[in-house]
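Peer 1: Predicted model and sequence below, questions to follow.
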Amino acid sequence: MNDVIISPSILSANFANLEQEIQAVQYAGAKWIHVDVMDGHFVPNITIGVPVVKSLRKVTDLILDTHLMIENPEKYIEPFAKAGSDILTFHYEACKNEQHVREVINLIKSFGIKAGLSIKPKTKPEEIFPFLNDIDLVLVMTVEPGFGGQEFMHDCALKIPKIKEKAPDNLIIQVDGGVNNITAKICKSLGATSLVAGSYIYGSNDYKKAIESLL
């Protein structure tokens, strides 16, 4: 499958030189950049916020694929959208109920950008079936969100075909967590159309070779 979208995660990049790190993966063939936003509440780690996304927008034309691992996502949709995110993905588990999920989806779309919905490893795929026709992307976490470099959870990947069976054809099914040249093949064979990779790409000596090995 050559039309899979590779979204390198800058969580594993050199934060002292983000512009160069983004240009490097762009030259290596990446079309998207995955931006992990963590608030220290929804997940135990704290990463980056709106000012960084705004800065990134000034130095790249790549799709900014922003993953909000935060509580109360509705409070931050507008700032991240205006900062230049092309896709905003929030967590199903960060919402109180179905109505809350729908409100966040509608809010994202009101800014003319793509809406994504993510599920953690313990969440059953069936729980997000009601939203599949209203979103642009589903993000299946194959590690517990919060830190990079974790090991791929194979049982989580089995959610991919269940989602694909119920989803419209144009829904992007993205996988994040422990993606490398071996686990990428598993994800693609199950129906994934986008792969997030951080430490596998940024930890390699040859970004181009690393990205090509995922395609």
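Peer 2: Structure received.
Peer 1: just the helices in this protein please.
Peer 2: Using DSSP state H, the helices found in the chain span residues 18-27, 50-59, 77-83, 98-109, 154-157, 159-166, 181-190, 199-202, 207-212.
Peer 1: Tell me which of those is the most buried.
Peer 2: Among these, helix 199-202 has the highest mean neighbour count (mean count of other CB atoms under 10 Å), at a mean of 23. Bear in mind the C-beta positions are built from the backbone N, C-alpha and C, glycine included.
Peer 1: any low-confidence regions in the chain?
Peer 2: Along the chain, the model assigns pLDDT under 70 to residues 1-2, 147-149.
Peer 1: need the contact list for the residue nearest to residue 180 when sequence neighbours are not counted.
Peer 2: If you skip the residues right next to it in sequence, residue 180 has residue 200 as its closest partner in space, 4.5 Å away by CB to CB, 6 or more residues apart in numbering. In this structure, residue 200 makes contact with 179-181, 210, 214, judged by CB atoms under 8 Å, 6 or more residues apart in numbering.
Peer 1: I'd like to know how far the most centrally placed residue in the chain sits from residue 119.
Peer 2: Closest residue to the average C-alpha location of the chain: residue 67 at 5.1 Å, with CA atoms, centre = their mean. To residue 119, residue 67 is 12 Å away according to CB to CB, to the nearest Å.
Peer 1: and for these two, which residues touch both?
Peer 2: Counting by CB under 8 Å, 6+ apart, the residues touching both residue 67 and residue 119 are residue 139.
Peer 1: Would you check which pair of the contacts of residue 200 lies furthest apart?
Peer 2: 179 and 210 (10.6 Å; CB to CB).
Peer 1: Are there residues contacting both of these two? Which ones?
Peer 2: Between them, residue 179 and residue 210 have 197, 200 as joint contacts when contacts are counted by CB under 8 Å, 6+ apart.
Peer 1: What is the end-to-end distance of stretch 55-70?
Peer 2: With CA to CA, to the nearest Å as the measure, the first residue of stretch 55-70 is 20 Å from its last.
Peer 1: which residues sit against that stretch?
Peer 2: 7, 10, 18-19, 22-23, 26, 30-39, 41-43, 53, 76, 80, 83-91, 94, 116, 118, 139, 145-146, 176, 196.
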